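Visitor: okay, here's the prediction I keep looking at, along with the sequence it came from:
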Amino acid sequence: MIHNYMNVNKERVPHSTRPQVGTKGRLSWVTRCVAFIEEPVVARNWNSGTAANWTDTTPVAGSNYTIANGVLAMTQIKALKCPADSVISLDGDPDTSSSGFGNTNRTVSADGTTLTGSTGLFCETTDYSPTTFVDARLSGLADVVAPDTQKVMSSGTYTNGIGHPSLGLLSKDYDGKTDVYLRQCTDGLSKTIALVESAGRPVKIIRGRVVNSDVDQTNGRVNGGGWCRPASDLAFKGAKADGSSIGASGTPDQAINVTNGESVDTAVFSTSLYGKEGTGDPYSFHPNVVNAVMGDGSVRTINESVAIRVFAALVTRAGAESGVTDDQQ
């Protein structure tokens, strides 16, 4: 689907957009690609204009779209779900209220165009997400890392990160006008990750065990998972072997497959590190491995013993890291 999109759009990649000016105009990589994954209703009706958002409960006035994006976000897209993922979950906006995201009482109107009910979980999820850049907390553990935290990188005012070598193939657009093209992947398409598994979100899972349920707001959940949400993209940061949070509590010691992300502990976004960014991690329900779609369209199985430095090099599109070979993956 990614390459079909690029063929039509002159090699521009279908990355997510989350401009920080106002609250509108957010697009995930999936919403750009739905026309190529046999979802004609979503493709025909999704409003991607600057006055629209994935949370819209009613069609935008004056537009040609007659179904609210929020209704379309309830569409389950089988191509985005791993058969090994048996977790039943929905996603939503964790910034809406202090008590709302545990609710699942949004309903579709009789004519199928609008959503009614309180804020809560209503978005169907994806198990596959872009790796947008290498987290700054991997300094010393990776050859190339982001120049600052995810919060600063996504602030809309930080411009030095636009061409930074830590960026991934489908790096996010934070100003609503920064495009990425296939030719910017100078590390080689077969050696650069486009999408990686991050399964089970927003339920938090550590090594196959459900830790936080998406209906238990007191214990939080992973921020991300909805296929319509730009926050479902993830910056690679590795994980501690026991699944506890990295950062102040310690440095990561495993690249992948420990947990599917860090928790959002309240309805507001968690910690100064993320801002309003997603908190997902590479994770699968396959024993000892995760699958990744590479920039050339091939699918590679990556063993969980992969070194942090090697996986980070696979994330960057122009990091020019040395010594990354197929047998290290």
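Guide: Received, thanks.
Visitor: mind listing the strands for the stretch 51-200 of the chain?
Guide: Along the stretch 51-200 of the chain, the stretches classed as strands by DSSP state E, counting those that start in this stretch are 107-108, 115-116, 128-134, 193-197.
Visitor: wait, which of those is closest to Ala52?
Guide: Ala52 sits nearest to strand 115-116 of all the strands of the stretch 51-200 of the chain, at 14.0 Å, using C-beta to C-beta. Heads up, the C-betas are built off the backbone N, CA and C, glycines and all.
Visitor: what about Ala43, how many neighbours?
Guide: 16 (other C-beta atoms under 10 Å).
Visitor: and Pro130, by the same measure?
Guide: Around Pro130 there are 30 other residues, counting by other C-beta under 10 Å.
Visitor: not counting its neighbours along the chain, what's nearest it?
Guide: Spatial nearest neighbour of Pro130, chain neighbours left out: Leu170 (3.5 Å); criterion: C-beta to C-beta, 6 or more residues apart in numbering.
Visitor: settle this for me: the one you found is touching Thr17, isn't it.
Guide: No: Leu170 is beyond contact range of Thr17, at 11.2 Å (criterion: C-beta atoms under 8 Å).
Visitor: between those two, which is the more surrounded one?
Guide: Between Leu170 and Thr17, counted using other C-beta under 10 Å, the more crowded position is Leu170 (24 against 21).
Visitor: in the stretch 101-250 of the chain, where is pLDDT below threshold?
Guide: When residues are selected by pLDDT under 70, those of the stretch 101-250 of the chain lie in 101-105, 117-119, 156-162, 213-220, 247-250.
Visitor: thinking again about what came up before, phi and psi next, for the residue nearest to Pro130.
Guide: Here is the backbone geometry of Leu170 (degrees, to the nearest 10): phi -110, psi 50.
Visitor: excluding chain neighbours, what is closest to Ser48?
Guide: Spatial nearest neighbour of Ser48, chain neighbours left out: Leu27 (5.6 Å); criterion: C-beta to C-beta, 6+ apart.
Visitor: so what sits opposite that neighbour in the bridge?
Guide: Taking DSSP bridges as the rule, Leu27 bridges to Thr17.
Visitor: now do the same contact list for it.
Guide: Leu27 is in contact with Ser16, Thr17, Ser48, Pro230, counting by C-beta atoms under 8 Å, 6 or more residues apart in numbering.
Visitor: do Val315 as well
Guide: Counting by C-beta under 8 Å, 6+ apart, Val315 makes contact with Thr131, Phe133, Val134, Ser166, Gly168, Thr192, Ile193, Phe236.
Visitor: tell me what the first one is bridged to.
Guide: Just to be clear, that refers to Thr131. Leu234.
Visitor: thought it was touching Ala235?
Guide: Yes: Thr131 is in contact with Ala235 according to C-beta under 8 Å; the separation is 7.3 Å.
Visitor: coming back round to it: top of the contacts of Leu27 by number of neighbours, please.
Guide: Going by other C-beta under 10 Å, Pro230 tops the contacts of Leu27 with 28 neighbours.
Visitor: name the element the nearest residue to Thr186 once chain neighbours are set aside belongs to?
Guide: Take Thr186 and drop its neighbours on the chain: the residue closest to it by C-beta to C-beta, 6+ apart is Ala318, 4.7 Å away. If you go by DSSP states H and E, Ala318 is not part of any helix or strand.
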